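> Show me how the following folds:
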Amino acid sequence: MRSFSAVALLMLFATASAQDAYLNTAFVPRYWKAGQPYAISARVRNASGTTPLITFRVDWRYNNGPVQVGNSQSTTGIMPGQYWPYTHPVSFNQTAQQGLLKVWVVGNGDSNHANDTLYFPVDLLDVWATKSVLMEQYTGTWCQFCPIPNSTTNVLDQDPLIVVAKHHNDDELSSANSTAYWEQFNADYSPAGVMEQEEFGSLPDDAAYDQWGARADQRKLGVSPANIALTAGFNAWQRVLTVDLGVTFTAALTGEFVVNAYVVEDNVPGDQVAGGSGYVHQQVVREVLGGANGTAGVIPATTAAEATYDHQYTFDVPVQWNDQNLRVIAMVTEKRNGASWTVNVVDADFALVGIEEQSAHALPILIQPNPAQRQAWLRMPQDASAARVQVIATDGRVVHAWKGAPQDGTVLLSDLERLPAGAYLVRVEANGRFGHERLVVQP
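Okay, here's the model as predicted:
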């Protein structure tokens, strides 16, 4: 009796029924460097629930150029839940141009070709800017599954080439413009992650926070045709924020480009279901200055190489937001057929302007203890001969005021137990200088 090896049996079975080969985790930068190689790689997978995928290859083609045929590979059989890493032997290397890269898998016995092919729009640039990655998260203080993803994006935000923004929903940290912006992604669950505004819909939202870091690292390999100069000038006494954007393109491109900016607050103390006591929220999107769709008309339909396009936003910062923890995220987005792709993104801290700018530096103040219950000590430089102190509630009301000469730079904030528990803004003027700090009153 003739015997068969396991591989031979699998190959015999594969010829009698159909596999369903497809690719995933493939990535090609939206903008890449002209004349420099990029390795095309992907995972080869099988959607067939019964038939193993044994022999396959991956091919690619750019625009109407020649088909680059990959090397055939054989395995003991790929089933659902398994994959085979594949790197094409021919790198993608083209001159400066715009086009469409087609990458597809060829599997022996594959009868379903609807899921074989991936398409990547690519612009190749002779001159480029460094690319940063926009990572956005949908979260909420009520979400019991959000603390771990929140921690994941906190770590990602420490990378200088990754900018994180968290859109809250149905809680005290949400805002109308932020909610309207997020609705375009149809990600009505938390936690949800959206990277690079879904890359024209090719990278859908997901909750797989353990993969967000690897995906962001992939996208950092790309480049951008746009440098963004961002200045966030803040007059702390008037509470007016002025955001100045200057977008300089490295190449002449044709497309629909919009700009937008977020006001983001870090280090926000507050409740979080399953987050434990003393929870602190990071990267909270407080406001979307350009609205849900961004600001059109700043960048023309066809850009000019080395041209700069400017825009300014102004915004009155609510007193309940701690301006010492605020910063601005600004981005350029390309729109196409109702979908978006992040061209580039930057962030910048607030820069004090106005009265504070004229002084040597802002007035340093310290509140102890903070959080407080019945009273707290407000400390400032001992040379403060006269001071004006205001404690301001979240609705803008001054709930406590004091004016006089501090004793050795110290003012007692008493009777705090009469205030509702929550966050307050303490603003101090002394010797022509201004300081402000958040005070949390506990029950």
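
> Could you use CA atoms for every contact and neighbour count after this?
Fine.

> tell me, how many neighbours does residue 250 end up with?
21 (other Cα atoms under 10 Å).

> That one and residue 308 touch, don't they?
No. At 9.5 Å, residue 250 does not count as touching residue 308 under the criterion of Cα atoms under 8 Å.

> Need the overlap of contacts for these two.
The contact sets of residue 250 and residue 308 do not overlap (Cα atoms under 8 Å, 6 or more residues apart in numbering).

> can you pull up the bridge partners for the nearest residue to residue 419 once chain neighbours are set aside?
Closest residue in space to residue 419, ignoring its immediate chain neighbours: residue 441 at 7.6 Å, by Cα to Cα, 6 or more residues apart in numbering. Counting by DSSP bridges, residue 441 is bridged to residue 372, residue 422.

> Who are the contact partners of residue 441?
Taking Cα under 8 Å, 6+ apart, one finds 370, 371, 372, 373, 416, 417, 419, 420, 421, 422, 423, 424 in contact with residue 441.

> go on, residue 371?
439, 440, 441, 442.

> is it possible to export those residues to JSON lines including distance to residue 177?
JSON lines is the format used below for those (distance: Cα to Cα, whole Å):
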{"residue": "439", "distance to residue 177": "27"}
{"residue": "440", "distance to residue 177": "27"}
{"residue": "441", "distance to residue 177": "29"}
{"residue": "442", "distance to residue 177": "30"}
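
> Just the element for residue 138, please.
Assessed by DSSP states H and E, residue 138 sits inside strand 133-139.

> Tell me where the stretch 1-150 of the chain has helices.
For the stretch 1-150 of the chain, the helices defined by DSSP state H, counting those that start in this stretch occupy 6-16, 147-156.

> I should have written the stretch 301-443 of the chain there, sorry.
Using DSSP H, counting those that start in this stretch, helices in the stretch 301-443 of the chain cover 355-358.

> For it, which segments count as strands?
For the stretch 301-443 of the chain, strands defined by DSSP state E, counting those that start in this stretch occupy the ranges 308-316, 326-336, 339-352, 366-368, 376-379, 387-392, 398-404, 410-413, 422-430, 433-441.

> for the last one, the distance to its chain's centre please.
Spelled out, it's strand 433-441. 29 Å (Cα atoms, centre = their mean, to the nearest Å).

> now the shortest one
Between the mean C-alpha point of strand 366-368 and the mean C-alpha point of its chain there is a distance of 33 Å (Cα atoms, centre = their mean).

> Partner strands of it, with direction?
Strand pairing (DSSP bridges) places strand 366-368 next to strand 376-379 (antiparallel).

> Nearest to the spatial middle of this structure, which residue is it?
Closest to where the C-alpha atoms of the chain average out (Cα atoms, centre = their mean) is residue 135, at 2.5 Å.

> between the strands of the stretch 301-443 of the chain, which gets nearest to residue 224?
Closest approach to residue 224 among these (Cα to Cα): strand 339-352, 6.2 Å.

> That closest one - what's its average pLDDT?
Mean pLDDT, strand 339-352: 93.

> Contacts for that strand, please.
131-134, 163, 196-201, 224-228, 230-236, 323-324, 326-335.

> Quick check: closest non-adjacent residue to residue 121.
Per Cα to Cα, 6+ apart, closest to residue 121 is residue 100, 4.5 Å.

> picking that back up, how far off strand 339-352 does the strand holding residue 138 point, in degrees?
90 degrees (axes from the mean of the first three to the mean of the last three Cα atoms, to 10 degrees).

> neighbours around residue 177, how many?
19.

> Confirm it sits in a strand?
No. Counting by DSSP: H, G, I helix; E, B strand; the rest coil, residue 177 falls outside a strand, being helix.

> OK, contacts around it?
Residue 177 touches 287, 288, 291, 292, counting by Cα under 8 Å, 6+ apart.

> From residue 157, how far off is the residue nearest to residue 419?
29 Å (Cα to Cα, to the nearest Å).

> again, but for residue 433
33 Å.

> do residue 147 as well
On the measure of Cα to Cα, residue 147 and residue 157 end up 15 Å apart.

> that older thread, which of the helices of the stretch 1-150 of the chain has the lowest mean pLDDT?
helix 6-16 (a mean of 37).

> what's residue 311 in contact with, if anything?
244, 245, 246, 298.

> so which helix or strand takes in residue 182?
helix 176-183.

> Could you point out the helix or strand that follows that helix?
According to DSSP H and E, the helix or strand after helix 176-183 is strand 192-195.

> elements contacting that following strand?
Applying 3 or more Cα pairs under 8 Å, 6 or more residues apart in numbering; DSSP states H and E, we find strand 192-195 packed against strand 133-139, helix 209-219.

> Residue 58: what's it in contact with?
69, 70, 71, 72, 86, 88, 103, 104, 105, 106.

> out of these, what pair is the most spread apart?
It's 72 and 103 that sit farthest apart of those, by Cα to Cα, at 14.9 Å.

> Neighbour count for these two, which is higher?
residue 103 (23 against 13).

> Quick check: beta-bridge partners of the closest residue to that one other than its chain neighbours?
Leaving aside its chain neighbours, residue 103 sits nearest to residue 60 (4.3 Å; criterion: Cα to Cα, 6+ apart). On the basis of DSSP bridges, residue 60 is bridged to residue 68, residue 103.

> So residue 60 versus residue 117, what's the distance?
Taking Cα to Cα, one finds residue 60 at 9 Å from residue 117.

> and if you look at residue 414?
From residue 414 to residue 117 the distance is 69 Å (Cα to Cα).

> domain parsing for the chain?
Under the assignment automatic domain parsing, the domains of the chain span 6-122, 129-355, 361-441.

> ok so, going back, quick check: mean pLDDT of the helix holding residue 182?
Here the average pLDDT along helix 176-183 is 97.
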